[in-house]
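[1] Any chance you could fold what I've pasted below:
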Amino acid sequence: MSVPEEPAPEDDFATRRDPRLCILIPMVVAVAFLMEQLDSTIITTAIPDMAASLHATPVQMNLAVTTYVLALAIFIPVSGWFADRFGARRIFVAALAVFTLGSVACGTAQTFPMLVATRAIQGLGGAMMTPVGRLILLRSFPRRDLVKAMTYTTLPAILGPVAGPLLGGVITTYASWRWIFFVNIPFGLIGILLALRFVEDTRADARTPFDVPGF
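    The predicted model follows:
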């Protein structure tokens, strides 16, 4: 008969040692969730303007949407291994940096193939942000506080796809379609600074080899 695993002492959680983190950590993760979900739909209403600017057809521009979603689907399964191997904070900050740089590249794209390639980079960053953000919550909160923390962070993820088309239409109408990507820059930089300051760099005790065939 196996002995049940003892729950971790509350002092092992960062939010018990510093109550400020009960709000700050969910806010940092929520920023990542919002950016990742917002970018899956924000370009839909900007597609006609983007197609005209990049000399492509609106049908071709759908590839820019699906490339982002496909990159998310490909790299989400490996994010946990990277977090365990290199540290959750390090991977989370790297994901925010990749996503932010990808946003800059998308906003400065001069050709349709360049936009598709930079959307894949965005997707790579987004794929690492969301699951690693959840992992940070799991390792920062005791079980009894976890539901409340997840509520704070998942609400932006719910609102992002709904607000994305409206926000994209407003930005495209009154500014330029390029700003639907540039708006990610301040959020990404703020998220990086807050993560470096308040998130602990936890990792798994045992290292496991990367499952190449499974990936």
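
[2] which residues in this structure form helices?
    Counting by DSSP state H, the chain has helices at residues 14-17, 21-38, 47-54, 58-86, 88-107, 112-140, 143-174, 179-182, 184-198.

[3] Take those helices and lay them out in CSV including mean pLDDT and mean neighbour count.
    Backbone N, C-alpha and C define where each C-beta goes, glycine included. Supplementary listing: the helices of the chain in CSV, determined by pLDDT from 0 to 100; neighbours: other CB atoms under 10 Å:
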stretch, mean pLDDT, mean neighbour count
helix 14-17, 68, 16
helix 21-38, 84, 23
helix 47-54, 90, 18
helix 58-86, 88, 17
helix 88-107, 93, 22
helix 112-140, 90, 22
helix 143-174, 82, 15
helix 179-182, 92, 21
helix 184-198, 90, 18
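
[4] Ok, which of these comes nearest A204?
    helix 58-86 (3.6 Å; CB to CB).

[5] now the closest one against helix 112-140, angle please.
    In terms of direction (axes from the mean of the first three to the mean of the last three CA atoms, to 10 degrees), helix 58-86 departs from helix 112-140 by 40 degrees.

[6] for helix 58-86, packing partners?
    With contacts taken as 3 or more CB pairs under 8 Å, 6 or more residues apart in numbering; DSSP states H and E, helix 58-86 sits against helix 47-54, helix 88-107, helix 112-140.

[7] closest to D211 out of the helices of the chain?
    Between D211 and the helices of the chain, the tightest spacing by CB to CB is seen for helix 58-86, at 7.6 Å.

[8] I'd like the distance from the closest one to the chain centre, please.
    10 Å (CA atoms, centre = their mean, to the nearest Å).

[9] same deal with stretch 179-194?
    11 Å.

[10] mind exporting it as CSV, just the C-alpha atoms?
    Taking C-alpha atoms only, stretch 179-194 is exported to CSV below (Å, rounded to 0.1, in the frame of the first residue of the first chain):
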residue,chain,number,x,y,z
TRP,A,179,-0.5,49.0,-34.6
ILE,A,180,-2.5,45.8,-33.8
PHE,A,181,1.0,44.3,-33.3
PHE,A,182,2.8,47.3,-31.8
VAL,A,183,0.3,47.5,-28.9
ASN,A,184,1.8,44.3,-27.6
ILE,A,185,5.2,46.0,-26.9
PRO,A,186,4.4,47.8,-23.7
PHE,A,187,2.5,44.8,-22.3
GLY,A,188,5.3,42.5,-23.1
LEU,A,189,8.0,44.8,-21.5
ILE,A,190,5.9,45.3,-18.4
GLY,A,191,5.3,41.5,-18.1
ILE,A,192,9.0,40.8,-18.5
LEU,A,193,10.0,43.3,-15.8
LEU,A,194,7.4,42.1,-13.4
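
[11] residue contacts, the closest residue to A73 other than its chain neighbours?
    Distances taken as CB to CB, 6 or more residues apart in numbering put A127 closest to A73, at 7.8 Å, once the chain neighbours are dropped. A127 is in contact with A71, L72, A73, I74, F75, I76, S79, A95, counting by CB atoms under 8 Å, 6 or more residues apart in numbering.

[12] Contacts only, for L63.
    With CB under 8 Å, 6+ apart, L63 has these contacts: V116.
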